[in-house]
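Participant: Please find the sequence and the predicted model below.
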Amino acid sequence: MKINKSLSMIATLTLMAGALAACGSNSNSGSNASPEGSEPAATESASPSASAPASEEASDELAPEDGATLVVWETKEMMARMEEIGKEFTAKYNIPVKVEEVSEADQINKLINDGPAGVGPDIVIYPHDNLGKAVAAGLILPNDYFEEETKAENSEASIKAFTFDGVLYGYPRSVETYAMFYNKDLVQTPAKSYDEIIEFAKTFNDPKNNKYALLFEQNFYYQYSFLATPGGYVYGNGGIDTNDIGLNNDAAIAGAKLYQKLHEIIPMKTADATFDVKKGLFTSGKLAYDINGPWAIADYKKSGVNFGIAPLPTIDGKPNVSFSGVKGFSVSSFSKYPNAAKLFTRFATTKEEQLKDFQELGTLPSNKEAAADPAVTADPLLIGILEQFSNSTPMPAVPQMGNVWTPGQSAMADIWDNNKDPKAALDNAVKQIQDANAATK
């Protein structure tokens, strides 16, 4: 791919409005009211003066609470980086920060119980598809004090992703989708289609010695691409019509049949295809293709494996449609120190910190200046991620998205592990989603 085309794709990353326009802000469910008792003081809601640097004046005006200490929930892969940010923040503000391991996908569900019990965090970090659920449950505070700075500095799409019913609740951190990592010592030219990978596996696979052509984590975040590429979808009208579920239409069923066929070259239970298993096999030269995301780049670089990144394989000649998303921070409505927590989220999502995230972990910045930095645009590994991003679809951010993950993953596991008829499995999943949605109306 020519360099000018690659740089154009980088520029696309900073805009992404078309790809993520349906996220959050278009939803007609949820409430834009703050949780009871969470209204900020009058001095907090005032916009920083235009005559001074916004970040400096905002920080000067927003005073942290006396004796403040903060707890941040962070996923395993990002723990060391977040602890580093915490130390920097403590050195600047003299506010202790404790980082606790909780996966991003589980944070909002866990906060539902831990927040009211007084054992939750001050700050959560999660993918945008959980936003609607968090707002509807009154779990998070609006991004009010640093709203102007956040909107000015981050891509329009990432702002939309963390906006619900016109209210900005998040502090964007990164944008992402997944693509196909390949070991260059095992594959000279990456496969274009799943049919090519199936053929390659006939001569490469050796399951007795843990040698595989292809692996991917068996959760619905990755499995969805098999349903979406032929023409399936979660919710209609850009992800907001929860009465229109397209996970069991004819196109989705056809994609599920291809997914089921791949079990022939991946004779492994869904529960065994974990991130750590894939990482070990890929870095030791026993896995040719690994479907993964930018969060894996840093570790793979450190391992010394010679790898590249390409778009996901096509399905029946169609470009593969992956889930895309935005990850970001929000302040818990149960925090005893909301001012200190707002200061931390602002501190942790600046251009400087997002560039450090990229350099240490490979995450793609939502900050426009960081995304355009030469350190980002010169990285050839990002070309495959960005090419795949152009074919991705955003995860719906309506509260009812929380009703999709478990039934979807269970159906795909049944198709894979138990050889269940794809139509029957997906029909059952859709029925469960419909019942769960009806119960919340």
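Facilitator: Yep, it's here.

Participant: ok, residue 406 - how many residues close by?
Facilitator: For residue 406, the count of nearby residues is 14 (other CB atoms under 10 Å). All C-beta spots, glycine's among them, are computed from the backbone N, C-alpha and C.

Participant: So what are the structural domains in this structure, by residue number?
Facilitator: What the record gives for the chain is the domain set 65-176+325-394, 177-323+398-439, from automatic domain parsing.

Participant: distance between the ends of the longest one?
Facilitator: Spelled out, that is domain 177-323+398-439. 31 Å (CA to CA, to the nearest Å).

Participant: Could you report the neighbour count for residue 133?
Facilitator: Neighbour count for residue 133, taken as other CB under 10 Å: 22.

Participant: Only C-alpha atoms, please: export the helix or strand where it lies in PDB.
Facilitator: Assigned by DSSP states H and E, residue 133 belongs to helix 131-136. Output of helix 131-136 as PDB, limited to C-alpha atoms (Å, rounded to 0.1, in the frame of the first residue of the first chain):
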ATOM      1  CA  LEU A 131     -22.700   3.800  28.000                       C
ATOM      2  CA  GLY A 132     -26.500   3.600  27.600                       C
ATOM      3  CA  LYS A 133     -26.700   1.000  30.300                       C
ATOM      4  CA  ALA A 134     -24.500   3.100  32.700                       C
ATOM      5  CA  VAL A 135     -26.600   6.200  32.100                       C
ATOM      6  CA  ALA A 136     -29.900   4.500  32.500                       C
END
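
Participant: What residues of the helix or strand just after that helix count as buried?
Facilitator: Toward the C-terminus, helix 131-136 is succeeded by helix 147-153 as the next helix or strand (DSSP H and E). Neighbour counts over helix 147-153 (16 or more other CB atoms under 10 Å) mark 147, 148, 149, 150, 153 as buried.

Participant: can you check stretch 426-434 too?
Facilitator: Quick answer for stretch 426-434 (16+ other CB under 10 Å): 426, 428, 429, 430, 432, 433, 434.

Participant: re earlier: now distance to residue 372 too, for the buried residues of helix 147-153, in TSV please.
Facilitator: Shown next, in TSV, are the buried residues of helix 147-153 (distance: CB to CB, whole Å):
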residue	distance to residue 372
147	23
148	21
149	18
150	18
153	12
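
Participant: okay, now residue 100: neighbour count?
Facilitator: Residue 100 has 12 nearby residues by other CB under 10 Å.

Participant: on that earlier part again, including pLDDT and distance to residue 358, could the buried residues of helix 147-153 go into JSON lines?
Facilitator: Formatted as JSON lines, these follow (pLDDT from 0 to 100; distance: CB to CB, whole Å):
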{"residue": "147", "pLDDT": "97", "distance to residue 358": "24"}
{"residue": "148", "pLDDT": "97", "distance to residue 358": "24"}
{"residue": "149", "pLDDT": "96", "distance to residue 358": "20"}
{"residue": "150", "pLDDT": "97", "distance to residue 358": "18"}
{"residue": "153", "pLDDT": "96", "distance to residue 358": "15"}
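
Participant: As a check, name the ranges of all strands in the stretch 151-300 of the chain.
Facilitator: Using DSSP state E, counting those that start in this stretch, the strands found in the stretch 151-300 of the chain span residues 163-164, 167-168, 171-177, 179-183, 212-216, 233-235, 241-246, 287-292.

Participant: With distance to residue 411, mean pLDDT and mean neighbour count as added columns, please give these in a markdown table.
Facilitator: Listed next are those as a markdown table, based on distance: least, CB to CB, whole Å; pLDDT from 0 to 100; neighbours: other CB atoms under 10 Å:
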| stretch | distance to residue 411 | mean pLDDT | mean neighbour count |
| --- | --- | --- | --- |
| strand 163-164 | 28 | 92 | 27 |
| strand 167-168 | 34 | 96 | 20 |
| strand 171-177 | 22 | 94 | 27 |
| strand 179-183 | 24 | 98 | 24 |
| strand 212-216 | 17 | 98 | 24 |
| strand 233-235 | 13 | 97 | 23 |
| strand 241-246 | 12 | 96 | 17 |
| strand 287-292 | 19 | 98 | 25 |
